[in-house]
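Visitor: the following comprises the amino acid sequence and a computationally predicted model.
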Amino acid sequence: MTQAIATLRGRFDPSRHGALLALVVIVLFNFAVTPNFFQAQTLFVNISQVATIAIVAMGMTLVIATGGIDLSVGAIMALAGALAPLIFLSDFAAANPALGLAASILVPILVALCCGVFNGVLVSVLNVQPIVATLIFFISGRGFAQVLTNGNLQTFTNPSFSYLGTGRVLGLPFQGWLVLLIALVLFWVVTRSLFGRQVLAVGGNERAARLAGIPVHRVKIGAYVICAGLSGLAGLIVVAINSASDAARIGNLMELDAIAAAVVGGTLLQGGRAPIFGAVLGAIIIQLVKYTLLANGIADEVALIAKAGIIIAAVYLQQARKE
Amino acid sequence: MLDTTAFDLRRYLQGGGHSFGAWVALVAVILFGVLRYENFAGAYNISSFLNYNAMFIVISVGMCFVILTGGIDLSVGSVAAFTSVLAAYLSPYGLQVALPGAVLAGLAIGGLNALFIVAMRIPPFIATLATMLGAKGGALVISGAQTISIDWGSNFTKLGMENAFGLLPWTIVITAIVVVALWVVLERTSLGRTVLAVGGGEDASTMMGLGVNRAKVFVYALSGACGGLAGVFLASGFGAGQPLEGVGWELSAIASVVVGGTLLTGGMGSVGATVAGALLLGLVFNILNFENGRGVISLSAYWQMVIRGGFLFAVILLQSQLASRTKGATR
Amino acid sequence: MTDLIEMIGIEKSFAGIRALQTASLSIRPGEVHAIIGQNGAGKSTLIKILTGVYRRDAGEVRMNGAPLAISTPREAQDAGIATIYQELSLVPLRSVTENVVMGYEPRTRLGLIDWKAAHARTREILARFGVEIDVTRQLGSYSTAIQQLVAIARAVSLDARLVIMDEATSSLDDQEIATLFSVVRSLKAAGVAVIYISHFLNELYQVCDRVTIMRDGRSVATHEVAQTTKLGLVSEMLGRDAGEIEAAGLTALSGGHGDPGEVLLEARGMRSKTGLRDTSFSIRKREIVGLGGLLGSGRTEAARAVFGLDPLAEGEVRHHSGAPVDTPAQAIALGMGFLTEDRKADGIIPHMSVRENITLALLPRLTRMGMVDRERERKLVAHYIEALQIKTSGMEQPIRELSGGNQQKVLLARWLALEPEILILDEPTRGVDVGAKFEIQSIIRKQVAEGLAVLLISSEFEELVEGADRIVVLQDGRSVSELQNPGVTEGALINAIAHHHERSAA
Amino acid sequence: ETPPLEQKDRYKVGFAQMESNNPWRIAETKSFHDTAEACNWDLIATDAAGSAAKQVADVDSMIAQGIDVLFLPPREEKPLIPAVMKAKAAGIPTFLVDRSVDPNVAQAGEHFVAFLGSDFIDQGKRAAEWLIENFEGEKGVIVELEGTTGSSPANDRKKGFDDRIAEDGRFEIVASQTGDFARDLGRQVMETLLQAHPDVNVVYAHNDEMAIGAIQALELAGRKPGEDVTIVSIDGTRDALQAIIDGKMGVTVESSPFFGPLACEVMNKYAAGEEIPGWVQVQDRIFTIENAAEHIDEAY
Ligand SMILES: Nc1ncnc2c1ncn2[C@@H]1O[C@H](COP(=O)(O)OP(=O)(O)OP(=O)(O)O)[C@@H](O)[C@H]1O
Ligand SMILES: Nc1ncnc2c1ncn2[C@@H]1O[C@H](COP(=O)(O)OP(=O)(O)OP(=O)(O)O)[C@@H](O)[C@H]1O
Ligand SMILES: [Mg+2]
Ligand SMILES: [Mg+2]
């Protein structure tokens, strides 16, 4: 355990200090200003709201580490989110509730993974530039989801499915634990596993990576697949919390939040680095900014400007420390 | 060895990128439309189509310069929204005030982007994401979250609603001038070549003694100004300053640039092909509307999204096929 | 006479690591001044401080006696200093012409760029170096050597008072080096000073007037070249006794020529889009096979094809196991390694540490159930840093911070760590100092004695002639003849290349 | 002086929808499609994906295709004026649906035939009135969930409600934030505002989707919507009526999306030469516990 902490500390990325500092500032500000900030319920609310951004941001971090970017995360969330109720509201699921529930979680994630394969193949094998490759799904993915549901909102009551979004374990929201679990696994993958090293190598210098025998295509596809899978999961969580699925809205603008979280957390957009906990930290910062502005009654238009300023400040801090 | 003085159409159109695909697809799509739909090639459709797409052409060309340096500008849509509001406020003083005023405001926001990126070394994606939020917020604040009426009595509406010399809308004429001017800048000036060099290798360009920072400031300011011009078109052609417009414009501009064969990593690309890309993406909407009008199949809005994605996919595939066949020839 | 450039007491640290301490340099107008020193001695850093790429921590720079304040490369150029940096600083995506004229484009009366004039000027400048190519094509589509010549052409065309060449000859062959020297002499005749950095000591005696020797970030001495001996220079560079060095010798590839074993790899009638027309050769166990030829003869292309990087249109590559070699991953799995000539583009992963760079290709073998065995990894890396004497502040230092020669050693370690059966070395000692070159060569020779088969590509005829057991001569993508060691001399090799060249030209 | 419409067997009808990202719009489009059959229309329906400028361009492409009649729900009051003007210039009679355009520039009977629809300000006002009548507590602490910032229904529903509620001293609006007309955002905003203002006992949402989101937020926080918090909203969706039946929601003011039949009727009258009033008002009902169960089957 102490060794784990030691390695954690050893791994600690100096460029993340900027983000940490930003976090501390925001939290202190909230203590001083925001009413009822120091309450367990505040923590729960923020954990449950940050979970989806954090999960997608971690996947995004992997994709960015290969030198790519994924704009399709929101659309994939919508697709997965639209599929799940379709499945557990079907006659099949009515007949076999347990099987139906399992299918309504597995099938959407599988479909999301397939979207990831599509993105990855486009980027790696067909050599399409990532922004454009993923723009294809960005445009059409949500359309698919709406075609599937005929554009209708699907509402349901299904307590076991809703557990994904509303359950509590040891008093903390279930999706918070999920974030922690995913972060630990991905952290291990990035720092310890072969795949992680290969991702960083491909992002660092693709030609050299290929010459060193790294299966570049497979590694890139892998990153997009993981990102898509996590997006699918995030889509399910959104649907579970709301007990409703609205294909037009799920994951709207998620790509920007996720990318911003990754970058605020210390990811370099040109690739070669994948600070997983940084991405979580970035997501928390973005969530807290949102919370702070809302809770203090800042008008939406002013909040936009404030958010702009905070993003610039957080990234600048991090940038300045790196020099 | 190639004789470079001879006129080589392909090389001319490509302007050095992998842009042939955009032109091929554009011709194909236009032929498809003309053959399939009545009135598609009618004067009304052509002029209204171009009038609407002038905004996108202008921001796409600005975006092209940014992308050529290896950067990106996500703020263009918000800038257009912001400047449309400003132009609406200035419209009582006439076009001669509103047009330069809004373009200068766009230029200033572009300058802010440049400040973040060049002086504060914030990655372009993040810097322009922030100005995207900021400009949108600004637009809502100065407009009081309302659309702002333009002065219908002044000459401001002439720009977006009247034809130049009774032929083409003024917006198209201005767009054409901007495109040609920027084409000259890119192909025939030192600044333009520096833009390309910066995208091809920033460190190398610095070491070659090129004005890297100057080029970057130039492209972001230019992109901002183009956003400003688009804002003027928006206000003048669509009757109001609209703080809520511009959502997703940055992505269609990026798509236009890329469909035009420009490398997103920078260093290679062309203004002309970007225009082709913008027209191509605009035509998809136009064709979908005509297809719905034929009444054989009625495509829901959702299918339209799927088809647009599929179309982009097809063009990109065509692009990569042609790109692998034509080996990059440049200047 | 005042010195053109005077650098006194220059200091520079990177993140706490001293690169320069009390370095100094003085250049007289119109002289050719060499700087030599081991890898990491600080030569490139000193140059970059002079040209404004880096800011100095302390010290003074004067030009013609007046203090010189330069903070960007542009200002250096404006002050009359043209530089060819060690890491090629060109834009491969743009055309040859643009790379030559960029920033100084000829204009028409309207103030726009006159491309016709620009192309003509570029062709003319390149012609001085015997290069006749399509200048409108992307620079990146040409070989490293051509790119280096373009960089030189650009620098020379800038009308400078001082031209700096940081290892400008490292990818050139004898003929081009000779051309370069004639250009250097004409620059000198025109009163232009030249700073010449090179690891080839022989070259100094051909063109240089004076030489400054650097060691560990210090300038240890400046001599008139005529008054030095090669041995003396080496001993000052290494800081070791001359006698000791003499005993060891300077080229270590020779020796061997022993009994090669069975054929491990055979290339038959290779033809490819990249320029191979009919290339055949075989590599046997315990043997170094050299590929000889002029620039553009297809040596690199042959190596790439053998390693499964470029698809063959015709012909085949047969590995003794019978397995196909279609991708680098397959080649590596079959026990092959490929040290490429372009270290920056094809070799290093700049952000990654020395450790991660060394184990990059080996990683699958250090992995158990998807997890990297870090203990073994560290031991292995420590071993190679020690064995190749890589100068680094530790195995976690990012490779981009290493000097060029040390980066090269890291890449060699990457392949040696695989304990390969067949190793392809494309210009393995490019940019490597004499000491390290000796080390690298002796390591290779030792491995060959233990059974390694090597395909060696080198523009340095000496290395090829002394090192290879057999030399396959390439000409326009065809293997035209084969020379067998012992018995090959540089003259014989040049003859073989030239002979066929004339015949094909006729 | 609007262009006349000749009587024909079949009409080529344009319907330029503004967006399809919420149930209300989807129901409206569907209503036009359903009517097309019965009313002998060849319907060209477009979707502007939320952009006023694209909506103008869509109208342009319809004019190019030679439609006989245009039905236009203008996304914004002012930006759609050019579309109205262009249709008139092309001799196409235009009917505005569910939202109108700036009356200072374009008038019914002059530039367009008529506006069919209700009044957003009035909807907000009626929600306020219901609250004033039915609120039993001493002090009403209100959280307002606004629609998309800057959109006209959001602005109008806010104005109608805020102005009316200000007349009653018992009420105070402690927070008013945008939930973008969406359920998920409505929930998130409510969760946050509930933390900052735990004493909330009234929620006014600009549409039912956000109201449902708010109910979920309240339930997750252990509050009892309908009992300790009164929910007031606008639209009349099926989910909202169900919530009313379940006792979780107080009222929803109807804003019906079913414009197809009305559009057909008004158009036929116009073609027949009848006088059409400038504003064909739609009577919005109000759904409460008294009548929700009766109407839930008609809801969308
Ligand atoms: N950007 C940098 N960051 C950190 N350390 C650096 C950097 N550049 C150079 N160094 C260090 O400074 C020292 C001098 O490097 P320099 O490149 O000047 O050597 P050199 O004499 O040119 O060697 P070579 O012959 O291999 O090119 C080396 O130890 C190197 O690791
Ligand atoms: N002097 C030259 N003139 C014209 N073209 C050249 C010249 N040198 C090289 N080229 C071109 O560059 C291409 C790449 O050749 P390259 O130099 O990589 O081969 P090589 O034998 O591996 O040489 P080296 O390894 O020494 O760089 C050739 O196909 C040829 O067209
Ligand atoms: Mg060096
Ligand atoms: Mg070579």
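Guide: Yep, it's here. Ligands and ions are numbered 1, 2, ... in the order given.

Visitor: residues near residue 294, how many?
Guide: With no chain named, the answer covers chain A. Using other Cβ atoms under 10 Å in any protein chain shown as the criterion, A:Leu294 is surrounded by 23 other residues. Just so you know, the C-beta spots here come from the backbone N, C-alpha and C atoms, and that holds for glycine as well.

Visitor: please go with chain D instead
Guide: For D:Glu294, using other Cβ under 10 Å, the count is 10.

Visitor: so it: helix, strand or coil?
Guide: D:Glu294 falls in the helix class when you classify it by DSSP: H, G, I helix; E, B strand; the rest coil.

Visitor: which residues touch it?
Guide: D:Glu294 makes no contacts at all, as judged by Cβ atoms under 8 Å, 6 or more residues apart in numbering or on different chains.

Visitor: what residue ranges in the chain score low on pLDDT?
Guide: Going with chain A. Counting by pLDDT under 70, the low-confidence segments of chain A come to A:1-17, A:319-323.

Visitor: if you could check chain B rather than the one you did, that'd help
Guide: Along chain B, segments meeting pLDDT under 70 span B:1-19, B:295-299, B:321-331.

Visitor: in it, which residue is closest to the centre?
Guide: When chain B is reduced to its mean C-alpha position, the closest residue under Cα atoms, centre = their mean turns out to be B:Ser60, at 1.7 Å.

Visitor: residues in contact with stretch A:233-241?
Guide: The contact list for stretch A:233-241, computed with Cβ under 8 Å, 6+ apart, reads A:48, A:51-52, A:55-56, A:73, A:76-81, A:84-85, A:105, A:108-109, A:112, A:161-166, A:175, A:178, A:245, A:250-251, A:254, D:184, D:187, D:216.

Visitor: residue contacts, C:Glu450?
Guide: So, once contact is read as Cβ under 8 Å, 6+ apart, C:Glu450 ends up touching nothing.

Visitor: what separates it from D:Glu172, distance-wise?
Guide: Counting by Cβ to Cβ, to the nearest Å, the gap between C:Glu450 and D:Glu172 amounts to 88 Å.

Visitor: kindly report the same for B:Gly137.
Guide: In this structure, B:Gly137 and D:Glu172 are separated by 27 Å, where distance is defined by Cβ to Cβ.

Visitor: quick one: which of those two has more around it?
Guide: It is B:Gly137, of B:Gly137 and D:Glu172, that has more neighbours when counted by other Cβ under 10 Å, with 25 against 12.

Visitor: helix or strand for the residue nearest to the more buried one when sequence neighbours are not counted, which one?
Guide: Distance criterion Cβ to Cβ, 6 or more residues apart in numbering or on different chains; nearest residue to B:Gly137, sequence neighbours excluded, is A:Leu304 at 3.1 Å. The secondary structure element spanning A:Leu304 is helix A:300-322 (assigned by DSSP states H and E).

Visitor: list the contacts for C:Glu224?
Guide: The neighbourhood of C:Glu224, defined by Cβ under 8 Å, 6+ apart, consists of C:Asp209, C:Arg210.

Visitor: looking at the stretch 151-300 of chain B, which residue is nearest ligand 3?
Guide: Minimum separation of the stretch 151-300 of chain B from ligand 3 (Cβ to the ion) falls at B:Met207, amounting to 13.8 Å.

Visitor: gap between that residue and chain D?
Guide: Taken as Cβ to the nearest Cβ, to the nearest Å, the spacing of B:Met207 relative to chain D amounts to 45 Å.

Visitor: how near is that residue to C:Asp216?
Guide: B:Met207 sits 26 Å away from C:Asp216 when distances are taken as Cβ to Cβ.

Visitor: the two: who's more crowded?
Guide: B:Met207 (26 against 16).

Visitor: the more buried one: what's it in contact with?
Guide: C:Thr51, C:Val53, C:Pro73, C:Thr83, C:Tyr85, C:Ser89.

Visitor: just the ones of the residues you listed in strands?
Guide: Among the contacts of B:Met207, the subset assigned to strands under DSSP state E consists of C:Thr83.

Visitor: ok, and the most crowded of the contacts of B:Met207?
Guide: Among these, where neighbours are counted by other Cβ under 10 Å, the top count belongs to C:Thr83, at 30 neighbours.

Visitor: so the nearest residue to that one once chain neighbours are set aside, which state does it fall into?
Guide: Nearest-residue entry for C:Thr83: C:Ile164, 4.4 Å, with adjacent residues in sequence omitted and distances by Cβ to Cβ, 6+ apart. The local conformation at C:Ile164, judged by three-state DSSP, is strand.

Visitor: what do you get for the one 4 residues further on?
Guide: Per three-state DSSP, the local secondary structure of C:Ala168 is coil.

Visitor: shouldn't it be in contact with C:Ile84?
Guide: Yes - because the distance of 4.8 Å satisfies Cβ atoms under 8 Å, C:Ala168 is recorded as touching C:Ile84.

Visitor: common neighbours of these two, please.
Guide: Where contact means Cβ under 8 Å, 6+ apart, the residues bridging C:Ala168 and C:Ile84 through contact with each are C:Gln148, C:Ala151, C:Ile152.

Visitor: narrow the contacts of stretch A:233-241 to just the buried residues.
Guide: A residue is treated as buried here by neighbour count (16 or more other Cβ atoms under 10 Å in any protein chain shown); on that basis the buried members of these are A:48, A:51-52, A:55-56, A:73, A:76-81, A:84-85, A:105, A:108-109, A:112, A:161-162, A:164-166, A:175, A:178, A:245, A:250-251, A:254, D:184, D:187, D:216.
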